[in-house]
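Undergrad: need a structure here:
(one chain, ligands or ions: 1)
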Amino acid sequence: MTTPPALWLFGDQLGPHFHSTPEHRDREVLLIRSTAAFGRRRFHRQKLHLIEAGMRRLAADLGSRARIIDAATYTDGLRRFGKPVVVHEPGSHAAEALVRRLHERGLVADILPTPGFILSKQDFSAWVAGRHRYVMEDFYRDQRRRFGILLEPDGEPSGGKWNYDHDNRRPPPARSTLPVPAPWHPKENEIDKQVRVDLDRAESEGTIHPVGVDGPRQFAVGHAEAHRALRRFLDHRLATFGPHQDAMLHADWAMSHALLSVPLNHGLLDPLDVIRKAEERYRDGTAPLASVEGFVRQILGWREWVWHLYWHLGPDYLKHNRLRARNKLPAWWRELDADMVEAACLRTALAGVRDRGYAHHIERLMVLGNHALQRGYDPAELTDWFATAFVDGFPWVMPANVIGMSQYADGGIVATKPYAAGGAYINRMSDHCGGCVFDPRKRIGEKACPFTAGYWAFLDRNAELLRGNPRMRQPLNGLNRLSDLGEVVAQENDRRRV
Ligand code: FAD
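TA: You can find the predicted model right below:
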């Protein structure tokens with residue numbers, strides 16, 4: 001019997017659905033540690049740790065089936081391996097172009113579809129053909145129908161409704177942490193120790209230039225850990241996932257979030273399996289429908305949506321800058337220097353990125369993204385920051401989330417209006433404002449909340465560009481009621497220079 005070509009896996013393709021299906025079970029597995037890929041950009045230290053530990057964990061799990069090659073570049077690694085390999089579609093335009101070139105040169109024998117997402121690229125192309133507007137809700141409902149998730153035998157959605165967002169937007173309770181069991185937490189092992197020593201050495205030799213602190217590992221590495229993390233979430237936290245999804249508490253970085261983006265984006269968990277297991281919890285009565293639907297929506301809806309839009313919108317989408325935002329990210333932001341920040345909500349979110357490479361969705365969208373939007377940070381630079389400073393950041397996640405949703409830099413292709421909000425929103429949805437030096441009701445003076453004043457200055461600066469958007473009519477009309485608008489704008493222009 002002839003030996004099938006080896007399977008080359010990237011660092012985000014580490015689960016059994018990538019390497020141990022019947023099609024691949026007999027293949028040798030190749031992992032290439034490329035110095036160029038690690039050293040090129042300023043990744044969070046904990047992100048480098050997770051990727052490095054993930055590759056070593058897989059090599060250890062696969063034993064003699066796996067081979068790790070250290071090389072300057074992926075091409076060098078393949079040359080050293082010396083035999084053509086097969087590879088799954090990678091997760092970025094740059095990697096896709098590289099893999100195609102390697103295919104033309106005969107180093108890659110075949111490029112296979114990725115099992116990291118549920119819907120294939122062909123099926124998405126067929127779905128999107130002829131559509132002029134991209135509406136996540138339409139996509140999500142079709143995903144539910146196509147894969148038969150939370151559907152009744154008559155084809156109607158379970159519970160009679162497709163969407164439980166309304167039940168899932170409650171402010172936080174009046175306490176410092178959510179009353180939910182703690183998330184799964186890893187125990188570091190020998191691999192972590194070795195990785196830490198190697199990364200320390202690479203840092204001191206100047207081959208990597210990470211940001212953020214090297215904290216204890218917070219997220220799952222390897223398939224076994226990923227499954228433990230998933231089980232803990234399903235058994236103890238899914239039931240409370242829904243109601244406070246949009247809330248923030250200063251002392252509770254995890255709230256009731258799944259903390260599964262790392263194992264999902266590293267390819268450790270099969271997303272359809274995750275969803276089916278969550279659905280079982282609704283069917284067996286252990287989790288309410290609103291929570292299960294909210295969770296399914298995130299993975300079957302949002303995660304799939306941003307992946308497909310990445311490919312559909314293409315590399316030029318990243319160049320959009322409709323609001324002409326050109327301010328550079330300040331040094332304190334790039335360096336994750338949270339202690340420089342006075343506003344409590346922004347300080348907490350940035351400290352989360354510094355300490356864990358993680359902030360939850362509302363901190364990303366309504367604090368970090370909202371601040372960047374108000375200050376007019378350059379969307380491409382911001383995209384790069386999100387992609388490198390977060391442990392779950394990958395190129396495919398960025399365009400729809402950062403350029404589209406968070407920065408409205410595409411002028412409304414992905415989101416129907418900018419996610420700009422003032423301090424009143426943050427005050428309603430968090431416990432930050434009570435202990436903050438700023439006052440969310442004030443827009444002028446020393447105590448003027450940068451989000452409240454920044455919101456009005458943002459609207460004023462972009463009024464012409466936003467006027468054609470019916471959803472912005474009411475907020476823009478609000479500008480006319482401000483007697484002190486000139487003063488607010490001058491104050492915020494000064495603050496934008498910092
Ligand atoms: P939960 O809130 O518990 O959600 C469950 C899962 O749903 C997540 O693990 C994730 O896989 C998926 N999901 C939910 N929303 C999205 C979304 N909008 N896009 C993609 N997947 C989604 N997600 C990343 O995976 N990597 C990123 O780098 C990233 N950057 C973001 C930047 C901005 C500005 C914004 C607004 C969102 C970003 N997101 C990103 C989406 C979302 O914030 C994270 O997936 C989520 O916070 C991860 O934490 P969790 O696993 O606890 O998620």
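Undergrad: Up against the ligand, what does the stretch 251-400 of the chain have?
TA: Applying CB under 6 Å from any ligand atom, we find that the stretch 251-400 of the chain lies next to the ligand at 257-261, 264-265, 298-299, 302-303, 306, 360-361, 364-365, 369, 386, 390, 392-393, 397. (Glycine included, C-beta is placed from N, CA and C.)
Undergrad: among those residues, which are in helices?
TA: Under the assignment DSSP state H, those contribute Ser261, Leu264, Asn265, Val306, His361, Phe386 to helices.
Undergrad: ok, which pair from the residues you listed is furthest apart?
TA: Leu264 and Phe386 (16.7 Å; CB to CB).
Undergrad: So between these two, which is more surrounded?
TA: When neighbours are counted by other CB atoms under 10 Å, Leu264 and Phe386 differ, and Leu264 comes out ahead with 23 against 20.
Undergrad: From Asp198, how far off is the more buried one?
TA: Using CB to CB, to the nearest Å, Leu264 is found at 26 Å from Asp198.
Undergrad: How about Pro379?
TA: The gap separating Pro379 from Asp198 is 35 Å, by CB to CB.
Undergrad: So the two - more neighbours on which side?
TA: Pro379 (28 against 16).
Undergrad: Spit out the contact partners of that one.
TA: His320, Asn321, Ala325, Val402, Ile403, Gln407, Ala409 (CB atoms under 8 Å, 6 or more residues apart in numbering).
Undergrad: can you give me the offset of stretch 227-246 from its chain's centre?
TA: Distance of stretch 227-246 from its chain centroid, counting by CA atoms, centre = their mean, to the nearest Å, is 18 Å.
Undergrad: ok, that stretch near the ligand or not?
TA: No. Judged by CB under 6 Å from any ligand atom, stretch 227-246 makes no contact with the ligand; its nearest approach is 6.7 Å.
Undergrad: I'd like the average pLDDT over that stretch.
TA: For stretch 227-246, the mean pLDDT works out to 95.
Undergrad: Confirm Pro216 sits in a strand?
TA: No. Using DSSP: H, G, I helix; E, B strand; the rest coil, the assignment for Pro216 is coil, not a strand.
Undergrad: Near it, how many other residues are there?
TA: Per other CB under 10 Å, the neighbour tally for Pro216 reads 11.
Undergrad: how near is it to Pro186?
TA: As judged by CB to CB, Pro216 and Pro186 stand 8 Å apart.
Undergrad: And for Leu350?
TA: 24 Å.
Undergrad: same check, this time on Val367
TA: Distance of Val367 to Pro186, given as CB to CB: 27 Å.
Undergrad: do the same with Arg326
TA: As judged by CB to CB, Arg326 and Pro186 stand 41 Å apart.
Undergrad: Tell me who's in contact with the closest residue to Leu30 other than its chain neighbours.
TA: By the measure of CB to CB, 6 or more residues apart in numbering, the closest residue to Leu30 outside its immediate chain neighbours is Trp8, 4.5 Å from it. Trp8 sits next to Leu30, Leu31, Ile32, Leu78, Val85, Val86, Val87, Val108 when contact means CB under 8 Å, 6+ apart.
Undergrad: Just the ones of those residues in helices?
TA: Per DSSP H, the contacts of Trp8 map to helices at Leu78.
Undergrad: Tell me which two of the contacts of Trp8 sit farthest apart.
TA: Every pair of those checked by CB to CB; the farthest is Leu31 and Val108, at 15.1 Å.
Undergrad: more crowded one of these two?
TA: Comparing Leu31 with Val108 by other CB under 10 Å, the one with more neighbours is Leu31, at 23 against 20.
Undergrad: could you pull out the strands for the stretch 51-200 of the chain?
TA: Ranges of strands in the stretch 51-200 of the chain, per DSSP state E, counting those that start in this stretch, are 66-71, 85-88, 108-112.
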